[in-house]
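**Q** Quick check, what structure comes out for this input:
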Amino acid sequence: MLSFPNCKINLGLRILCRREDGYHQLETAFYPLPVKDVLETIRSEALSFTATGLPIPGDASANLCLKAWQLLKKDFEQLPPVEIHLHKHIPIGAGLGGGSADGAFTLLQLNRQFRLGLNEEKLMAYAAQLGSDCPFFILNKPCLAGGRGEKLEPIELDLSRFWLALVSPGVHIGTAWAFSQCTPAQEGRSIREILAQPAETWKDQLVNDFEKPVFLAHPGLIKIKEQLYRAGAVYASMTGSGSAFYGIFPRDTGLTLPDASLFPGYFFSIV
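**A** Numbering: from 1, shown residues only. The predicted model follows:
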């Protein structure tokens, strides 16, 4: 069976406070984008995992696709071994949630393939055990997110009148490091309120708290955001803890969209 795990962007990201459990309380919005990996699962005699495309760092045994199978196997003894193959296209360590999507899509795919009968609520509970971003990819629709990112509320948000340009410079930003550099602050308007306004008004209001420390550590990255604005974006931002950026461009103005020549050597996509 084949599926195509997609990425997400964060529309705003605020660090509200550090919780007693050591995690941070967040406020953000997730928005799915059609930049995709390819995931295949085939019934087999033994569990295995292979990958092509972009190199995946770390031990393959820790991959979320394998962990998803292992989670389900604990509760479904009848789940057979599978060969899992992942073709990696979504940039890694970029704040796009590609690894989380792969894990969540493995849960969805195994549930369908082997008729496990799990509903959306139960799939989201399994996904939360894989990682904070994983439950979003079970819903895979625009959502406000709170808690560690796992508390989701679907919202009506349609960016179809815009093009989105996605730029990933390939600079790895450690999530733990990024959190350690942020000072929680609860002031300011809520992301819900800001997103209720036209996207053309977001520029000076919708912020990603990770940008400040990331730009201090990697000053060259701010040039990506500036270039997106110079090219005509009505809004541009880093997504997640970085280092990927996106720009939102109106479709109906006759604007010439930016192309890859503005970002040589970087992953670039218009969706």
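**Q** Now do the strands for the stretch 1-150 of the chain: every range, in order, please.
**A** Using DSSP state E, counting those that start in this stretch, the strands of the stretch 1-150 of the chain run over 2-3, 6-18, 24-36, 38-43, 48-53, 82-88, 143-146.
**Q** In CSV: the ones you listed, plus mean pLDDT.
**A** As requested, the strands of the stretch 1-150 of the chain are exported to CSV (pLDDT from 0 to 100):
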stretch, mean pLDDT
strand 2-3, 98
strand 6-18, 91
strand 24-36, 93
strand 38-43, 98
strand 48-53, 97
strand 82-88, 98
strand 143-146, 95
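**Q** What are the neighbouring residues in contact with Phe267?
**A** 91, 94, 166-170, 244 (C-beta atoms under 8 Å, 6 or more residues apart in numbering). In this view, the C-beta of every residue, glycine as well, is placed from N, C-alpha and C.
**Q** Could you tell me which of those belong to strands?
**A** Counted as lying in strands by DSSP state E, out of the contacts of Phe267, are 166-168.
**Q** of all the residues you listed, which comes closest to Gln227?
**A** Val167 (8.3 Å; C-beta to C-beta).
**Q** I figured the closest one was touching Val271, is that so?
**A** No - counting by C-beta atoms under 8 Å, Val271 is not a contact partner of Val167; they are 11.9 Å apart.
**Q** And those two? Which one has more around it.
**A** Val167 (26 against 14; other C-beta atoms under 10 Å).
**Q** okay, which residue of the chain is out on the far edge from center?
**A** Glu45 (32.8 Å; C-alpha atoms, centre = their mean).
**Q** can you pull the pLDDT of the residue nearest to it when sequence neighbours are not counted?
**A** Of all residues beyond its chain neighbours, the one nearest Glu45 is Pro81 (6.4 Å), with distances taken as C-beta to C-beta, 6 or more residues apart in numbering. For Pro81, the pLDDT comes out at 98.
**Q** wait, isn't Pro81 in contact with Ser44?
**A** Yes - using C-beta under 8 Å, Pro81 is in contact with Ser44, at 5.1 Å.
**Q** and the residue lying closest to Phe4 once chain neighbours are set aside, how many residues sit next to it?
**A** Spatial nearest neighbour of Phe4, excluding adjacent residues (C-beta to C-beta, 6+ apart): Lys36 at 4.2 Å. For Lys36, the neighbour count with other C-beta under 10 Å is 17.
**Q** where are the low-confidence patches of the stretch 151-271 of the chain?
**A** Low-confidence regions of the stretch 151-271 of the chain, defined here as pLDDT under 70, cover residues 186, 253-254.
**Q** Strands along that one, start to end?
**A** Under DSSP E, counting those that start in this stretch, the stretch 151-271 of the chain gives strands at 151-154, 162-168, 235-238, 245-250, 267-270.
**Q** Redo these as JSON lines? Include distance to Gly174.
**A** Putting the strands of the stretch 151-271 of the chain into JSON lines (distance: least, C-beta to C-beta, whole Å) gives the following:
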{"stretch": "strand 151-154", "distance to Gly174": "24"}
{"stretch": "strand 162-168", "distance to Gly174": "16"}
{"stretch": "strand 235-238", "distance to Gly174": "15"}
{"stretch": "strand 245-250", "distance to Gly174": "18"}
{"stretch": "strand 267-270", "distance to Gly174": "19"}
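**Q** Walk me through the domains of the chain.
**A** Split into domains by automatic domain parsing, the chain comes to 2-154, 162-270.
**Q** Mean neighbour count, these: which tops it?
**A** domain 2-154 (a mean of 18; mean count of other C-beta atoms under 10 Å).
**Q** who's in contact with Phe136?
**A** 8, 30, 97, 100, 104, 143, 145, 149, 152.
**Q** And Gln113, by the same measure?
**A** 1, 41, 43.
**Q** rerun that using 7 Å as the cut-off
**A** Counting by C-beta atoms under 7 Å, 6 or more residues apart in numbering, Gln113 touches 1, 41.
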